[in-house]
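Asks: Pasted the sequence and its predicted model underneath.
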Amino acid sequence: MMPSPGQPRKHRSSGPPWAGWLFLPGFLILAAFMAFDPIGPRVPDAEPVVVSRHDLDIGPRRDAMRDPPQARINGVPQGCQDCHSIFVSTDKPISELSVHREIVLSHGLNDRCFNCHDRNDHDRLRLHDGATVPFSQVATLCAQCHGTTFRDWQRGTHGKTLGYWNRDLGEALRLRCTECHDPHSPRYPHFTPLPGPNTLRMGDQDTHGHHAPTRHHPLLRRIGEPPPHHPEGTP
Amino acid sequence: MRLPILNSPSGANGNGGGSCGSGCGCAAGDDGPQGANGPGMSRRSFLRTGTAAAGGLTAIAAALSPLRELEREDAPSLEQFLQKHYKEMTPDDMERALERIRAQVERRYGIRPELRDYKPMDGVEFVYALNISRCIGCRKCVHACVAENNQSRSPEVQYIRVIEMPRGTMDIEKGNHHYDRPTVPDEGHFYLPVQCHQCANPPCVKVCPVEATWQDADGITVIDYDWCIGCRYCEAACPYWARRFNFSKPRLPADQVNPNMGYLSNRPRDKGVMEKCHYCLQRTRQGRMPACLEVCPTGARKFGNVLDPDSEVAQILRTKRVFVLKEDAGTLPRFFYYFDERYPSGLDPEAAEIARRLEHEEGERYGRLPGADGPELRWRDLTPNQRGTLA
């Protein structure tokens, strides 16, 4: 029945009279939910990865042979000439040598010592034209074959530079060929990579390229096995 | 008794006091025995109003309950609150700020830091160059950076991403951050480390609403962590995903704190601020090399002053083939990728075979290379045949 014009209009437009009371428990449940926070932090922090200081060494990758060269024979440092003034070396390929078997020679087609070492003075290296250079100038020897790399090294665009970029404030330390490359096996070795990022936001990337899921996959870790690195359980 | 809470907007309609007018939504007008024109509020109305108010207040209190977790350290001190913008601080202001931060670091980590405000050097513009022919993806740079720059260890904040890319594409969508091989490099991939490119036209600086980040004279884009409001606009603006946000309180073990700190660089950050690579300005503005470069085992990373024509980076820009990431974004990065034209790190069997052949045949044919014993290899002295061999 519509209200007559003179009568005050019933001002409840819809719903039963108790409907407003529903707000109260709603508020209280919401209040309890927020106050006690039953869900807790949605993304627990991952355990930090541990990287040893040894992995972050900044020095030369390997110790270059000192000049004059030395070898440890039975733990005693010996100069090359100490033995080779007595023993005559041979022209045979390295596979037929009976000494220096610890040397792995994997340097292109080189298979003979005297391609680089001097036959007479074992403390020096021999260039193609017969001249000799000391071990400290090994770059001159390498440059005979690796011209572009030598050029780049001279310019500073190949090789590692430690120390100061600003020559006025400190010295720059240019590493020499043999401080990174083993002259007998100069190809760079493979490294074990340090742990990858541990962020959820980067999403499902590990399966790309048909590779097996890996231990750095944060989402798989939640449903799969515990990770080998952090058994405490990263997300 | 009158409660103003449920008063109708039409309270001035002349029917007196706090009672409801006829247009309002409340039920007081017809529930109580005293009716709409009664002198006070009905019992029912009072209870309803009171409980609703109590519930509402409880809800507000609960909504504010996360504030209980605030620690004393989370709130800025009055001094920090009143600190001026970096560019408006006098030397005295800066010294006070540095002293405040030193005390804060000492309180949190038990270490008295060597904290300074490093200024750009005159005549210096920093440029980074990275040889993707040499990068092997070992991630040492990532972790050396974390150790140097006091990032949060958990949650993890890292400035450098190393992306493993399939050979033959530059589509970064095909890259993988999470490669986890027993050894690297993998034959079918190359590695693309990405960090802040210190753009000459930085979109992140343009979007900052409070000027908490800006480009310094030596090209480094810096952040004042005391001025950042954590809106993350810069993170969205950066095309290189270089900026990181501290979503929660950074966790940094006290025994891993690097005490050599800069105000704009690697001092410990707080929750809710942005951070990013700053070319280790606490090192580089003293003439030293960035940490990521020093740790790189292959020498793939090069850093220096591009305004010095003899610097390594200037040589690279002159003589190498360089490219920048997302050149079309117009950001003018100061971070260049370059590569070697031949000898691609021995990974490509075909190229390695060519290199081996050249080393032997041509090396013998030409004998000693010009300049092999001199200080410099002079390109103009070479015959065309020799240039063909070298280039």
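Replies: Okay, I see it.

Asks: mind listing the helices for chain B?
Replies: B:28-31, B:43-63, B:78-81, B:91-109, B:140-149, B:203-207, B:233-237, B:281-284, B:291-295, B:312-319, B:349-357, B:363-366, B:384-390 (DSSP state H).

Asks: Which positions in the fourth one come out as buried?
Replies: It stands for helix B:91-109. Neighbour-count burial for helix B:91-109, counted by 16 or more other Cβ atoms under 10 Å in any protein chain shown, picks out B:94, B:97-98, B:101-102, B:104-105, B:109. Backbone N, C-alpha and C define where each C-beta goes, glycine included.

Asks: Same list, those residues, but as TSV with distance to residue B:312 and pLDDT please.
Replies: Shown next, in TSV, are the buried residues of helix B:91-109 (distance: Cβ to Cβ, whole Å; pLDDT from 0 to 100):
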residue	distance to residue B:312	pLDDT
B:94	33	96
B:97	36	95
B:98	33	96
B:101	34	95
B:102	35	96
B:104	38	93
B:105	35	94
B:109	36	94
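
Asks: what stretches of chain B score poorly on pLDDT?
Replies: In the predicted model, chain B carries pLDDT under 70 at residues B:1-40, B:342-391.

Asks: Show me where it has its strands.
Replies: B:114-116, B:126-131, B:161-166, B:189-194, B:213-215, B:221-223, B:244-245, B:260-262, B:274-275, B:301-305, B:321-323, B:335-339 (DSSP state E).

Asks: Could you dump the ones you listed into a markdown table and include mean neighbour count and distance to residue A:120?
Replies: Output for the strands of chain B, formatted as a markdown table (neighbours: other Cβ atoms under 10 Å in any protein chain shown; distance: least, Cβ to Cβ, whole Å):
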| stretch | mean neighbour count | distance to residue A:120 |
| --- | --- | --- |
| strand B:114-116 | 16 | 55 |
| strand B:126-131 | 25 | 39 |
| strand B:161-166 | 21 | 49 |
| strand B:189-194 | 21 | 45 |
| strand B:213-215 | 19 | 61 |
| strand B:221-223 | 25 | 60 |
| strand B:244-245 | 21 | 61 |
| strand B:260-262 | 21 | 52 |
| strand B:274-275 | 24 | 61 |
| strand B:301-305 | 25 | 40 |
| strand B:321-323 | 13 | 44 |
| strand B:335-339 | 21 | 42 |
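
Asks: Just the helices from chain A, written as ranges.
Replies: Under DSSP H, chain A gives helices at A:23-36, A:80-84, A:138-143, A:147-155, A:177-180, A:218-223.

Asks: thinking again about what came up before, from the buried residues of helix B:91-109, pick the one nearest chain A.
Replies: residue B:109 (15.5 Å; Cβ to the nearest Cβ).

Asks: What sits closest to the closest one if chain neighbours are left out?
Replies: Spatially, and ignoring its direct neighbours in sequence, residue B:109 is nearest to residue B:254 (4.3 Å; Cβ to Cβ, 6 or more residues apart in numbering or on different chains).

Asks: same thing with residue A:24?
Replies: Nearest residue to residue A:24 in three dimensions, chain neighbours excluded: residue B:55, at 4.8 Å (Cβ to Cβ, 6+ apart).

Asks: Was I right to think the one you found contacts residue A:29?
Replies: No. Residue B:55 is not in contact with residue A:29 according to Cβ atoms under 8 Å; the separation is 10.0 Å.

Asks: For the two, indicate the residue with more neighbours.
Replies: Counted by other Cβ atoms under 10 Å in any protein chain shown, residue B:55 and residue A:29 do not tie: residue B:55 has more neighbours, with 18 against 11.

Asks: and the gap between that one and residue A:160?
Replies: 68 Å (Cβ to Cβ, to the nearest Å).

Asks: and what of residue A:174?
Replies: According to Cβ to Cβ, residue A:174 stands 8 Å off from residue A:160.

Asks: so residue B:102 makes contact with residue B:113?
Replies: Yes. Between residue B:102 and residue B:113 there is a contact under Cβ under 8 Å: 5.9 Å.

Asks: got a list of what the residue nearest to residue A:24 touches?
Replies: For residue B:55, the contacting residues are A:23-24, A:27-28, A:31, by Cβ atoms under 8 Å, 6 or more residues apart in numbering or on different chains.

Asks: what about 6 Å?
Replies: Residue B:55 is in contact with A:24, A:27-28, counting by Cβ atoms under 6 Å, 6 or more residues apart in numbering or on different chains.

Asks: Turn the residues you listed into TSV, columns for neighbour count and pLDDT.
Replies: Below are the contacts of residue B:55 laid out as TSV (neighbours: other Cβ atoms under 10 Å in any protein chain shown; pLDDT from 0 to 100):
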residue	neighbour count	pLDDT
A:24	16	79
A:27	20	80
A:28	16	82
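
Asks: ok, the residues you listed vs residue B:337, which is closest?
Replies: When those are compared for distance to residue B:337 (Cβ to Cβ), residue A:27 wins out at 58.0 Å.
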